[in-house]
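> Structure here, sequence nowhere to be found:
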């Protein structure tokens, strides 16, 4: 798994809204790169809703929330619509991004690990969240950022 202080691997992936998104395009802000197991599963839905419900706090602190899964763009689009997510969900169908971050065991992995990375404005890993509880992960990240 990638470590704090290392440069975050750049990527360009298809987003649920039909666009593509690269990490480099977000360099003026922090990025919370959230790997989720699978669209519309109970834990990922709970975690995604937490990010949605805390979106204004992330925005106020200039942090882009970006979800990544192995789901298709269409499955991620349905997931985002159903739960009114205001952040991009990216499709890493060939597992390259998850492997670059150490968020899966390899190309044959069925799902990415439930892990998140806080990336600073310069593209370096600021924090790794590898022990994630979907019930409170979005609030815990904010607490860390705000020093609460």
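Structure's in. What do you need? Everything numeric in this text was worked out from a predicted model, so none of it was measured.
> got a list of contacts for the helix or strand of the chain with the lowest mean pLDDT?
One helix or strand of the chain scores below all others by mean pLDDT, DSSP states H and E: helix 137-146, with a mean of 91. If you take CB atoms under 8 Å, 6 or more residues apart in numbering as the criterion, helix 137-146 is touched by 30, 32, 47, 50-51, 53-54, 57-58, 61, 63, 116, 118, 127, 129, 133, 148. All C-beta spots, glycine's among them, are computed from the backbone N, C-alpha and C.
> cutoff 10 Å now
30, 32, 34, 43, 46-55, 57-58, 60-61, 63, 65, 114, 116, 118, 126-127, 129, 131-133, 136, 148 (CB atoms under 10 Å, 6 or more residues apart in numbering).
> Counting only helices, which of those make the cut?
Judged by DSSP state H, helices contain the following of the contacts of helix 137-146: 43, 46-53, 55, 57-58, 60.
> Grab the most central residue of the protein for me.
residue 34 (2.0 Å; CA atoms, centre = their mean).
> what is it paired to in the beta sheet?
residue 67, residue 116 (DSSP bridges).
> Which pLDDT value does the model give the closest residue to residue 63 other than its chain neighbours?
Nearest residue to residue 63 in three dimensions, chain neighbours excluded: residue 30, at 4.5 Å (CB to CB, 6 or more residues apart in numbering). pLDDT, residue 30: 96.
> Which residues are in contact with residue 30?
58, 61-65, 118-122, 126-127, 145.
> Pick out the lowest-pLDDT one from those residues.
residue 145 (87).
> ok, now how distant is that one from residue 63?
7 Å (CB to CB, to the nearest Å).
> Please apply the same query to residue 89.
In terms of CB to CB, residue 89 sits 16 Å off from residue 63.
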